[in-house]
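> Next come a sequence and a model predicted from it.
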Amino acid sequence: MPNQSDIQITRPEDRELETKRGELAALEANLAERELQLASLRAELSSFERKYLAEVGLRYAELDELKAQLAERLAAEHPGDLRLQESARQARARADETRTTAATDGDREHKIFSPTPELKRLYREVAKRIHPDLTSDDADRVKRQELMAEANRAYELGDEAALSRVFAAYECSPESVSGQGTPAELIRTIRRISQARHRLTEIDAESKKLLHSDSHQLRMRFDEVARSGHDLFSQLAARIEFEIARAKQNLARRVVESSSR
């Protein structure tokens with residue numbers, strides 16, 4: 001008959017903790033792979049957009065500007081022609097739109113910071129609960145610093161929803177659970193599982209948005225042409241350059257004709 005000291009007693013909470021740890025490990029492995037896929041998709045689309053802007057977008061902007069100038073000159077020469085006046089307005093609108101699309105982030109309008117009372121209240125709550133100086137635990141301090149950085153960005157952007165999410169993220173985080181032993185560790189593990197599932201949902205939503213974006217659809221078209229052995233970037237660039245040269249010639253001819261009258 002075994003001694004009492006030889007009997008291994010496994011408590012229900014210990015079994016549950018082991019089960020949850022296994023579930024968390026599987027989720028974390030899946031999450032790492034999905035994060036990699038999303039990061040790769042973002043990087044690929046960003047690279048394509050930069051290449052498209054450099055080789056095609058800027059050329060389109062130049063061409064549309066030349067067309068607008070030519071249409072405006074024709075309209076000025078024939079002020080009574082309503083058709084030419086309308087064509088000039090449409091050409092200028094198209095040129096402005098193309099130029100705006102090709103503009104860099106530095107050309108965007110700067111928004112004046114004007115926080116609402118609710119935004120200020122939310123920030124105070126976040127600071128009181130999450131500030132890194134309010135903990136002596138090193139791991140918790142690192143997490144708090146990351147969240148406070150997010151809170152500061154949300155506050156500067158005037159984003160109340162993002163600031164609320166920062167507060168909720170900490171309140172429901174594993175790091176906010178104090179104590180040692182199985183009960184506390186079980187709660188922390190359950191919260192980590194919840195975080196992983198939530199992040200997977202976010203990844204699914206962002207991935208679907210990117211895959212249905214205009215940039216991705218355009219990239220798919222370029223890739224399809226590339227598989228047939230052709231470079232659509234070079235083809236488009238050459239065609240637009242030809243049209244730019246022709247537009248410059250037409251504009252120069254109009255200027256000469258106008259000055260000779």
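The structure has been received and is ready for your questions. Note that the coordinates shown come from a computational prediction; the quantities given were computed from them, not determined experimentally.
> Return the set of buried residues in stretch 208-220.
Buried residues in stretch 208-220, defined by neighbour count with 16 or more other C-beta atoms under 10 Å: 216, 218-219. Any C-beta I mention is one placed from the backbone N, CA and C, and that applies to glycine too.
> contacts for that stretch?
41-42, 44-45, 48-49, 52 (C-beta atoms under 8 Å, 6 or more residues apart in numbering).
> burial count for residue 18?
13 (other C-beta atoms under 10 Å).
> Look up how far residue 191 lies from it.
Note on residue 18: its distance to residue 191, by C-beta to C-beta, to the nearest Å, is 17 Å.
> do the same with residue 159
24 Å.
> Go through the protein and flag its longest helix.
helix 12-52 (DSSP state H).
> quick one: it to chain centroid distance?
With C-alpha atoms, centre = their mean, to the nearest Å as the basis, helix 12-52 stands 18 Å off its chain's centre.
> Following the chain onward from it, which element is next?
Later in the chain than helix 12-52, the nearest helix or strand by DSSP states H and E is helix 58-77.
> and that following helix, which residues are buried?
For helix 58-77, by 16+ other C-beta under 10 Å, it's 58-75.
> just stretch 238-252 next, same as before
Within stretch 238-252, the residues scored as buried using 16+ other C-beta under 10 Å are 240, 243-244, 247, 250.
> Tell me the most packed of the contacts of stretch 208-220, by neighbour count.
That'd be residue 52 among the contacts of stretch 208-220, by other C-beta under 10 Å, with 20 neighbours.
> Return the distance of that one relative to residue 63.
In terms of C-beta to C-beta, residue 52 sits 15 Å off from residue 63.
> got it, and residue 88?
Here residue 88 is placed at a distance of 16 Å from residue 63 (C-beta to C-beta).
> Check residue 243 too.
6 Å.
> And for residue 161?
Taking C-beta to C-beta, one finds residue 161 at 41 Å from residue 63.
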